[in-house]
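J.: let me see the structure of the following:
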Amino acid sequence: MATSVYEVVEIELMNGQSIKMRPLKIALLREFMDKFNNLGDIATDNNKSMDLLVDCVQIAMKQYEPKLSEDKKTLEDILDLPTVYKIIEVASGMKLNDPNLMGAGLVGTN
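T.: Model prediction:
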């Protein structure tokens, strides 16, 4: 019997749709991290930071629910900030409130 090294997490979006998530595949994680690594550069601008976080979620949706990755506006209509943070946490394995990330300047404290 195989041993799973990750936990599958199920969340509910604001439209009532449930999605199951696990860490991103390496190919998508590379794309995700290329985008996420820019967060430190814009951390003091709330709008730019939010856009970047939604871009990261959009990348994650390519694995979780491909149809939701096609239209950013539609995606924004079914997300709230705690859900964005949870998706990023599961997708990347990083907690946005991790003091090590904040100390490295990757996450703003707006």
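
J.: let me know the average pLDDT across stretch 50-65.
T.: For stretch 50-65, mean pLDDT is 97.

J.: oh, that last question was meant for stretch 26-37, not what I typed.
T.: Mean predicted confidence for stretch 26-37 is 96.

J.: buried ones in that stretch?
T.: 28-29, 32-33, 36 (16 or more other Cβ atoms under 10 Å). C-betas here are computed from N, CA, C, even on glycine.

J.: next step: the residues you listed restricted to helices.
T.: Among these, the residues falling in helices (DSSP state H) are 28-29, 32-33, 36.

J.: among these, which one lies nearest to G93?
T.: L29 (8.8 Å; Cβ to Cβ).

J.: next one: L96, what pLDDT does it get?
T.: Here the pLDDT value assigned to L96 is 72.

J.: scratch that, N110
T.: On the pLDDT scale, N110 gets 42.

J.: same question, E10
T.: Taking E10 on its own, its pLDDT is 97.

J.: same question, A43
T.: 87.

J.: can you give me the strands in this structure?
T.: With DSSP state E, the ranges of strands along the chain come out as 9-12, 18-21.
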